[in-house]
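Novice: Just need the structure, nothing else, for what follows:
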Amino acid sequence: MKLASYHGTRAGLMGLGNILIRLRLRGPYSHSEIVFEPGDGVDALMPDGTCAPDADGALWCVSSTGLEHIPPWSPRRPGKRGGVRFKRIVIKPDHWQLDDMPGAQAAATWAVLNEGRLYDWQLILGFLAWVVPHKRSRVRCSEACAEMLGLLDAWRFDPCALRAAAVAGRAEHG
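Specialist: Numbering: from 1, shown residues only. Coordinates of the predicted model:
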């Protein structure tokens, strides 16, 4: 399993979002995903029963996004926008920083149990105006990944702080 930290810039309005997030965070990353790979031992928890890449080389990833649709197989909110979702992504090394992480079983179990959980727009707004409260029942990308990695106070992590904490934690215990 890997923590994937996005440092690329998408085309169009999404790319502007990538740039604004990185400027606000004063760091290189704008999004986080957990990537499951062959050999992680969690094939049975993946939507199609395998961690093997598909014909295009895409791997199963889990995160929370604000605008993507929840897949039709989700037990909560299928077809709705925003929230925790499984998605196959072709991980291009020039767009992602990849770091090996332990705990694939716990992460995949968390993903299955939380699929469809709402995206936390309020916390995003809280980055701009601290008076906007965080809703504990909702998660952003880095918060979802921090929960999958078993980090305490997951809501405190943005994509840049998550990678720093996860890599430092791995170095301390590895």
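
Novice: Contacts for the host helix or strand of Ala144 next, please.
Specialist: Ala144 belongs to helix 141-148 when assigned by DSSP states H and E. Residues outside helix 141-148 that contact it (CB atoms under 8 Å, 6 or more residues apart in numbering) are 3, 31-34, 62-65, 84, 103, 106-107, 110-111, 114, 117, 120, 123, 139, 154-155, 157-159, 161-162, 165-166. Every residue, glycine included, has its C-beta placed from N, CA and C.

Novice: Over to stretch 15-35?
Specialist: 1-10, 59-63, 89, 91, 96-98, 101, 107, 111, 127-128, 141-142, 144-145, 148-149, 158-163.

Novice: What of stretch 97-115?
Specialist: Under the criterion CB under 8 Å, 6+ apart, residues 1-5, 7, 28-29, 34-36, 40-42, 45-46, 62, 70, 74-76, 84-86, 91, 139, 144, 147-150, 163, 166-167, 170 lie in contact with stretch 97-115.

Novice: first to last residue in that stretch, what's the distance?
Specialist: With CA to CA, to the nearest Å as the measure, stretch 97-115 spans 24 Å from end to end.

Novice: Give the buried residues for that stretch.
Specialist: Neighbour-count burial for stretch 97-115, counted by 16 or more other CB atoms under 10 Å, picks out 97, 101, 104, 107-108, 110-112, 114-115.
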